[in-house]
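Model the following, please.
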Amino acid sequence: MPGGRLTQPERQQIALGLADGLAYAEIARRLDRPTSTITREVMRNGGPTTYRADLAHRATERRAHRRRPTTPRRSDTSPQPHGRDPEAVREYEEVFTTALMASGMPKMTARVMAALTLADTGSLTASELVQHLQVSPASVSKAIGFLESQGFARRERDERRRERYIVDDDIWYQSMISSARSIAHIVETARQGVGVLGSDTPAAARLENVARFLDFVSESTMRAAEQAREILRTP
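Have a look, this model is predicted:
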């Protein structure tokens with residue numbers, strides 16, 4: 001029977017087992033682990049209905065890091081502006097990153113988004129992100145591409161002709177508008193399906209109900225975003 005900490009692939013198998021409605025004992029049998037190990041793992045990380053393998057693995061890594069005080073600190077624990085505690089800032093960045101991941105954002109994208117959001121300037125270059133996160137330029141580039149596609153970040157050239165990635169006061173508004181437009185597109189597509197499937201069929205009725213629901217959500221989101229936009233500009 002294997003010992004030691006659960007691996008990320010094992011956590012993914014746990015998540016799949018929970019999604020399939022398997023009992024803890026059955027998941028444990030498939031992984032050749034004690035049932036108590038699976039039970040503790042799941043209950044420690046949100047329970048069977050909200051367990052996510054990536055978040056559980058990240059939380060375990062954070063706990064292990066806190067138990068290793070002799071581990072060399074990252075370069076971002078250098079003196080911080082405004083008299084901030086470097087370690088407290090680093091730990092909060094981990095917390096914020098995890099919150100973004102819980103909302104559905106991929107891990108590396110969440111790390112880049114957190115770094116940009118918590119920078120006083122609201123912007124960083126690719127090299128600054130690489131150094132801060134200790135990752136490859138390709139990882140940063142891919143994450144930025146995703147953030148741009150979702151309206152969370154934009155890029156511009158600075159006075160040294162370097163490309164800077166920016167999250168400004170309007171980013172969250174633009175992201176909400178982009179999300180509302182995506183939902184509106186789903187509404188339009190669903191209503192096309194009503195005509196294809198026949199309006200008097202159960203499948204078409206289901207699509208129409210989905211379209212009505214999402215239409216309401218999209219309009220409400222657009223309206224709320226417009227009404228709340230000034231909050232983002234308030235000092």
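
Tell me the first helix or strand C-terminal of the least confident helix or strand in the chain by mean pLDDT.
Every helix and strand in the chain was compared by mean pLDDT, DSSP states H and E; the lowest is helix 53-66, with a mean of 78. As assigned by DSSP states H and E, the chain's next helix or strand after helix 53-66 is helix 86-102.

then that following helix to CSV, C-alphas only?
Extracted C-alpha coordinates of helix 86-102, given in CSV (Å, rounded to 0.1, in the frame of the first residue of the first chain):
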residue,chain,number,x,y,z
PRO,A,86,6.9,41.0,2.6
GLU,A,87,5.8,37.6,4.0
ALA,A,88,2.3,38.8,4.6
VAL,A,89,2.0,40.1,1.1
ARG,A,90,3.3,36.9,-0.4
GLU,A,91,0.8,34.8,1.7
TYR,A,92,-2.0,37.1,0.7
GLU,A,93,-1.1,36.8,-3.0
GLU,A,94,-1.5,33.0,-2.5
VAL,A,95,-4.9,33.5,-0.9
PHE,A,96,-6.0,35.8,-3.7
THR,A,97,-4.7,33.4,-6.3
THR,A,98,-6.7,30.5,-4.8
ALA,A,99,-9.8,32.6,-4.7
LEU,A,100,-9.4,33.3,-8.5
MET,A,101,-8.9,29.6,-9.1
ALA,A,102,-12.0,28.8,-7.1
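
got the angle between it and helix 53-66?
Angle, helix 86-102 to helix 53-66, by axes from the mean of the first three to the mean of the last three Cα atoms, to 10 degrees: 170 degrees.

Show the end-to-end separation of stretch 114-131, please.
15 Å (Cα to Cα, to the nearest Å).

Repeat that for stretch 153-163.
Start-to-end, stretch 153-163 (Cα to Cα) is 13 Å.

picking that back up, buried residues of the least confident helix or strand of the chain, list them for me.
Neighbour-count burial for helix 53-66 flags 53-60 (criterion: 16 or more other Cβ atoms under 10 Å). In short, each C-beta sits where N, CA and C put it, glycine included.

Now the helix or strand containing residue 115: average pLDDT?
Per DSSP H and E: residue 115 is located in helix 107-118. Here helix 107-118 scores 92 as its mean pLDDT.

do the same with stretch 192-199
What stretch 192-199 shows for mean pLDDT is 91.

re the thing from before, for the helix holding residue 115, buried residues please.
Neighbour counts over helix 107-118 (16+ other Cβ under 10 Å) mark 107-117 as buried.

can I get those residues in JSON lines with distance to residue 154?
Below are the buried residues of helix 107-118 laid out as JSON lines (distance: Cβ to Cβ, whole Å):
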{"residue": "107", "distance to residue 154": "22"}
{"residue": "108", "distance to residue 154": "19"}
{"residue": "109", "distance to residue 154": "15"}
{"residue": "110", "distance to residue 154": "18"}
{"residue": "111", "distance to residue 154": "18"}
{"residue": "112", "distance to residue 154": "13"}
{"residue": "113", "distance to residue 154": "13"}
{"residue": "114", "distance to residue 154": "17"}
{"residue": "115", "distance to residue 154": "16"}
{"residue": "116", "distance to residue 154": "11"}
{"residue": "117", "distance to residue 154": "14"}
